[in-house]
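>>> model this:
(one chain, ligands or ions: 1)
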Amino acid sequence: MEEANIQQNQQKDVDEFELKRKELWEKRILLEKKFNLYEGDEFQKINGFEYLRTKTIAVLLRCLGLYKKGQFNASKINLRKIKFVYPDIPKELHGFKILFVADLHLSQTYLSWFISGASILQQIKTPVDLILLGGDYRFGYFGPEDFVIPMIKEMFEPVESKYGIYGVLGNHDISSVRENFEEVGIHILVNEGIEINHNGAKLWIAGVDVQHGFECADVASSIVHAPKDAFKIMLSHSPELIEESLLWGVQLYLCGHTHGGQIALPLLGPLYVNAHCKRKFASGKWEYREMKGYTTTGLGTTDVPVRFNAEPEIVMIDIVKIPYDLK
Ligand SMILES: [Fe+2]
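Take a look at the predicted model:
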């Protein structure tokens, strides 16, 4: 009898999370319709303030003679290699390799970061275990988004990934692009997770829908079904779910969204990071209690296609167990 009750409760939990997931997806679609994101072009802005801000920055940079330099900086993609060290993970996970790219912001007008990024990826000859994409696949907010699919396919085709490609959506993406991604074998996680069995060790890849601007993320739904002994990775577009993810036992949090400020001043740092998070989470490697994380500056740019002191990047992550022989 007791066992039956437990099973019934578990079923109820599953249904509740499924319901929440569906509700949030519908909320997202309603917001997309409200802002009419399906029509227009990549230069259309969300509001008058955004339009004015973009124009002012562009004019200012041109007057200072810095615009072309900024464009050059935005086109020079780096391959950033980083390691995350964990003492308490199964030794089978030592050397697990993740290629992580966010904020691709592919454009039909500005092609330089696509060309530079594709060239870097072509040079990666060693297979990786997993490719993770952190959202914001297009430059603008408006119009159909399916044009990004052939570009992403072309970019990532040269890289061999043992467990495929998974991604999440960003605040520039529309829900309909999810199907287009599926057609080319790229799985977009929407408040859900997948389990990977790597040589007998388990990994759980949780992927949340976007919090920034949409408030459609549900950390609980993305991670509730993770096996207790799995190494838990959270893929989120923005760093705005760090505290909540820690409560769910996430060990590695990967995100982007901030572009490292896109324009940062020497010594003072970014002028604006566009995220509700502590400054230390806005760029690069960080730790929050037992959780480790990385906020990438991203591949592309938005609004004004320039960067200063916020180099664009493709990130290669190595999971390392030290000391190796403990377990
Ligand atoms: Fe972005």
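>>> interface residues of the stretch 51-200 of the chain facing the ion?
With C-beta under 5 Å from the ion as the criterion, the stretch 51-200 of the chain meets the ion at residues 103, 136. Just so you know, the C-beta spots here come from the backbone N, C-alpha and C atoms, and that holds for glycine as well.
>>> could you list the low-pLDDT ranges of the stretch 51-200 of the chain?
Nowhere does the stretch 51-200 of the chain drop to pLDDT under 70.
>>> now do the contacts for the spatially most central residue of the chain.
Closest to where the C-alpha atoms of the chain average out (C-alpha atoms, centre = their mean) is residue 134, at 1.5 Å. Residue 134 makes contact with 100-103, 167-168, 170, 235-237, 254-257, 296, 298 under the criterion C-beta atoms under 8 Å, 6 or more residues apart in numbering.
>>> those residues in helices, which ones?
Among the contacts of residue 134, none falls in helices (DSSP state H).
>>> ok, now which ones touch residue 171?
With contact taken as C-beta under 8 Å, 6+ apart, residue 171 is in contact with 135, 136, 210, 212, 213, 214, 237, 238, 257.
>>> 7 Å instead, please
Taking C-beta atoms under 7 Å, 6 or more residues apart in numbering as the criterion, residue 171 is in contact with 136, 210, 212, 213, 214, 237.
>>> now the nearest residue to residue 184 once chain neighbours are set aside: which helix or strand?
Distances taken as C-beta to C-beta, 6 or more residues apart in numbering put residue 153 closest to residue 184, at 5.1 Å, once the chain neighbours are dropped. Secondary structure assignment for residue 153, by DSSP states H and E: helix 148-156.
>>> from the contact counts, what lies against that helix?
helix 112-122, helix 177-183 (3 or more C-beta pairs under 7 Å, 6 or more residues apart in numbering; DSSP states H and E).
>>> got the buried residues for the longest one?
Residues of helix 112-122 classed as buried: 112, 113, 114, 116, 117, 118, 120, 121 (neighbour count, 16 or more other C-beta atoms under 10 Å).
>>> let me know the closest of the residues you listed to the ion.
The ion lies nearest to residue 113 out of those, by C-beta to the ion, at 11.9 Å.
>>> hang on, isn't that closest one packed against residue 75?
Yes. Look at residue 113 against residue 75 with C-beta atoms under 7 Å: they come within range, at 5.9 Å.
>>> from the contacts of residue 171, which is closest to residue 310?
Among the contacts of residue 171, residue 136 lies closest to residue 310 (C-beta to C-beta), at 14.9 Å.
>>> where do the strands sit along the stretch 51-200 of the chain?
Counting by DSSP state E, counting those that start in this stretch, the stretch 51-200 of the chain has these strands, from start to end: 78-86, 96-101, 130-133, 165-167, 186-188, 192-198.
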